[in-house]
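Participant: Need coordinates for the following:
(chains A and B)
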There are 2 protein chains.
Amino acid sequence: MAQVRRDPIIGRWVIVEEREKSFGPADYEKEPHMLKQGAVCQFCSGRESQTPPEVDAIRPGAYAPNAVGWLTRVVPNKFPALRIEGDLDRRGVGLYDMTNGVGAHEVLIETPDHSKNFADYSVEEAVNVIKLYQSRSASLSRDKRFKYIMIFKNYGQSAGASVEHAHSQIIATPVNPIRISRKLEAFREHFKRKERCLFCDLLQFERQDGSRIVRDEGGFVTFAPYASRFPFELMIAPRDHRFSFAELSRHEAESLAKALKDALLRVRLGLGDPPFNFVLHAEPNLHALPRRSGYWDTLRDDFHWQLIVYPRLTPVAGFEWGTGFYINSTPPEEAARHLRAVDVSDAALAAWRAARGPRRQPAGQAT
Amino acid sequence: MAQVRRDPIIGRWVIVEEREKSFGPADYEKEPHMLKQGAVCQFCSGRESQTPPEVDAIRPGAYAPNAVGWLTRVVPNKFPALRIEGDLDRRGVGLYDMTNGVGAHEVLIETPDHSKNFADYSVEEAVNVIKLYQSRSASLSRDKRFKYIMIFKNYGQSAGASVEHAHSQIIATPVNPIRISRKLEAFREHFKRKERCLFCDLLQFERQDGSRIVRDEGGFVTFAPYASRFPFELMIAPRDHRFSFAELSRHEAESLAKALKDALLRVRLGLGDPPFNFVLHAEPNLHALPRRSGYWDTLRDDFHWQLIVYPRLTPVAGFEWGTGFYINSTPPEEAARHLRAVDVSDAALAAWRAARGPRRQPAGQAT
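Facilitator: Numbers count the residues shown, from 1 in each chain, chains lettered A, B, ... in the order given. Predicted coordinates for the structure are as follows:
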């Protein structure tokens, strides 16, 4: 069983692999390389038997599970960072704290079509992905061992993707990630002092200022954060106060799908299709919060969820690793100005596709 | 003038480049590539005129500055992240906080010999590097605008090095990096509760336990931290309570040089010469601390400096970026076991060099 360990100085939690399954030095790739593409893509339609059985899917008709006909599909990760079985068994080890590596790790296969990624989806296709984020969140949240449900996407080798076929990941963790904890503390502190949501204040200022706004439509604001750690970093958030991603309405899900597709289209067409990550900073699992902690009462008022897009344009050096002090060579105002100006019309996308040429698919591709 | 901006949620400070000098999308490398090696190496002996004039150096005899004969040499960075001129001008921008990008950014050329790196140095050569870290720290600390002096080294392209010739970097910043701030808070909090140094407690536990210790000699302990973020991460710290890197004695500098050289030799021979970073977590600039803040009084008792080595074996994915939640596939106990067992004899190093073959030097190399 993997362990989740807490750094006694910083308070950061880390998953540590069990010894039997740990990597030796020879198991790590030291040189950067392009995505390995197997003889067949296991995520393509027609290869359903090569993944673990699905835990959820969107299918338009009366199709059977684990057969063709799906639009989006969630399967357990074959190599999970955390395991679903077992007790948390929180305990101290000398002056350290730990808990067992209990959790869930799932892969959301966004589309049956190997040649598409998020920027290519129709609104309906993008909505299906958002809907499965929500339904997996809701389902995993019923397990009180899981303090947080993380939803994120890696695109491209250097962004951490190991498979080319468009997919997202869902990880349920038995502790709150440090950045979420810090954020919750900051929101709460602000609310105590001012009885206002910190993020509502921030959005009001950003919308008034305008210089970092990329898009402001349908109730969602896309902007370059004032102190972005990375060049062309974008944040997408509901314009009005919304503490819960899980409680997103059908209408809001569609608006979010449009905003996210728009942002990723701007990144692709405006930045030359770089690797990227996006990460959802949603509310913690409400079912795992102790009812009497007092947290429950104020979270609805003080928290505001966001989604963050990180284009991967620069390597991260020792300076950043070791200090948390980042150097961003593109001011957010310039990033916003550039991304605002990107032509995201269907014609522009078609021209980009024509210039790229046909997408190579693996040999033996299922059809 | 670049700006240093504070994220209002996390409290993290970020340097933002001035608009005139900012990068556009085309300025970023998107694909990983090997180090570009120019026709000549500007850091080699005989090319002193190609760097900015040196600010410090160690020379064995009566040689002139900026001429051959140096053993280690410090020059201003040609492309500094922060500038030495100007006032901090701390101020608010709406609900944000900022200060001007005042600071210093220097390059320490560790050796005149293009074919060597830290693991190759004699003890005397390694001591010279440590001594220049100290003297630059001392010199920059006299400027009260600089809250912190960061000392770090990037080795290899994917670790952020842009030049092959062995060098370290020194950055003086007008704010404390977030990780240092958090560390100072944690140390102080522990001391308040227990009247003991957190790190002394930690080292006592580690030395008693033994499973994560790699080396314990000459007053310095090298160990794999309990909650390492990265595989084979190592921490080197003085065994007894030492709050100040600046106050390191000549004898201690020699012990540290041996410990650091040993650690980097283990990383090279034991992990196949991967890219790596090391970062010094020294005390903040005492001259910049307000005397009446109360901090001054307890820092000597509660803080304990460390140096951290990060081998770069894995890409960092969206999960880690977005949450601060890292997955480490090698338990620190396994990392320590492996690194302890590495043969670091002169014979083993000679065999490694023979297997690697002669180091290619750039054409037109100065001799």
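Participant: Chain A: helices as residue ranges?
Facilitator: Along chain A, counting by DSSP state H, helices occupy A:123-141, A:178-194, A:198-209, A:250-271, A:295-302, A:318-323, A:332-340, A:346-356.
Participant: Would the last one count as contacting chain B?
Facilitator: So the one you mean is helix A:346-356. No - using Cβ under 8 Å from any Cβ of the partner chain, helix A:346-356 stays clear of chain B, with a minimum separation of 14.1 Å. Backbone N, C-alpha and C define where each C-beta goes, glycine included.
Participant: repeat for the fifth one
Facilitator: No - contact check for helix A:295-302 against chain B, using Cβ under 8 Å from any Cβ: none in range, with a minimum separation of 11.9 Å.
Participant: gap between that helix and the chain center?
Facilitator: Put simply, helix A:295-302 sits 23 Å off its chain's centre (Cα atoms, centre = their mean, to the nearest Å).
Participant: One more: the last one?
Facilitator: What separates the centre of helix A:346-356 from the centre of its chain is 26 Å, taken as Cα atoms, centre = their mean.
Participant: thinking again about what came up before, would you format the helices of chain A as JSON lines with mean neighbour count and mean pLDDT included?
Facilitator: Shown next, in JSON lines, are these (neighbours: other Cβ atoms under 10 Å in any protein chain shown; pLDDT from 0 to 100):
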{"stretch": "helix A:123-141", "mean neighbour count": "20", "mean pLDDT": "96"}
{"stretch": "helix A:178-194", "mean neighbour count": "17", "mean pLDDT": "88"}
{"stretch": "helix A:198-209", "mean neighbour count": "18", "mean pLDDT": "94"}
{"stretch": "helix A:250-271", "mean neighbour count": "21", "mean pLDDT": "96"}
{"stretch": "helix A:295-302", "mean neighbour count": "16", "mean pLDDT": "81"}
{"stretch": "helix A:318-323", "mean neighbour count": "23", "mean pLDDT": "72"}
{"stretch": "helix A:332-340", "mean neighbour count": "21", "mean pLDDT": "91"}
{"stretch": "helix A:346-356", "mean neighbour count": "11", "mean pLDDT": "93"}
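Participant: Can I get those in a markdown table including distance to residue B:41?
Facilitator: Shown next, in a markdown table, are the helices of chain A (distance: least, Cβ to Cβ, whole Å):
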| stretch | distance to residue B:41 |
| --- | --- |
| helix A:123-141 | 50 |
| helix A:178-194 | 40 |
| helix A:198-209 | 46 |
| helix A:250-271 | 32 |
| helix A:295-302 | 55 |
| helix A:318-323 | 21 |
| helix A:332-340 | 33 |
| helix A:346-356 | 38 |
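Participant: And the residue of the stretch 51-200 of chain A that's closest to chain B?
Facilitator: Nearest residue of the stretch 51-200 of chain A to chain B, counting by Cβ to the nearest Cβ: residue A:160, 2.4 Å away.
Participant: these two touch, right, that residue and residue A:154?
Facilitator: Yes - between residue A:160 and residue A:154 there is a contact at 4.1 Å, judged by Cβ atoms under 8 Å.
Participant: Of those two, which one has the most company?
Facilitator: residue A:154 (25 against 22; other Cβ atoms under 10 Å in any protein chain shown).
Participant: how close does that one get to residue A:310?
Facilitator: Residue A:154 sits 10 Å away from residue A:310, going by Cβ to Cβ, to the nearest Å.
Participant: what about residue A:327, neighbour count?
Facilitator: 22.
Participant: scratch that, residue A:223
Facilitator: 27.
Participant: ok, so what distance separates it from chain B?
Facilitator: Separation of residue A:223 from chain B (Cβ to the nearest Cβ, to the nearest Å): 13 Å.
Participant: Surely that residue and residue A:210 touch.
Facilitator: No - contact between residue A:223 and residue A:210 fails when scored by Cβ under 8 Å: they sit 9.4 Å apart.
Participant: what are the bridge partners for the residue most central in space within chain A, then?
Facilitator: Closest residue to the average C-alpha location of chain A: residue A:152 at 1.7 Å, with Cα atoms, centre = their mean. In this entry, residue A:152 is beta-bridged to residue A:169, residue A:279, by DSSP bridges.
Participant: Please give me every residue in contact with it.
Facilitator: A:168-169, A:171, A:277-280, B:318-319, B:322-323 (Cβ atoms under 8 Å, 6 or more residues apart in numbering or on different chains).
Participant: which residues of chain A score low on pLDDT?
Facilitator: The model of chain A has pLDDT under 70 over residues A:1-39, A:291-296, A:316-319, A:359-367.
Participant: again, only using 50
Facilitator: Scanning chain A for pLDDT under 50 picks out A:1, A:29-33, A:364-367.
Participant: Can you tell me the closest non-neighbouring residue to the residue of chain A most remote from its centre?
Facilitator: Residue farthest from the centre of chain A, counting by Cα atoms, centre = their mean, is residue A:94 at 34.7 Å. Sequence neighbours aside, residue B:205 is the residue nearest to residue A:94 in space, at 4.6 Å (criterion: Cβ to Cβ, 6 or more residues apart in numbering or on different chains).
Participant: these two touch, right, that neighbour and residue A:92?
Facilitator: No - Residue B:205 sits out of contact with residue A:92 when judged by Cβ under 8 Å, with a separation of 11.3 Å.
Participant: The stretch 51-200 of chain A against chain B: which residues are in contact?
Facilitator: Counting by Cβ under 8 Å from any Cβ, the stretch 51-200 of chain A sits next to chain B at A:81, A:93-96, A:150, A:152-154, A:157-161, A:169, A:171, A:173, A:177-180, A:182-183, A:186-187, A:198-199.
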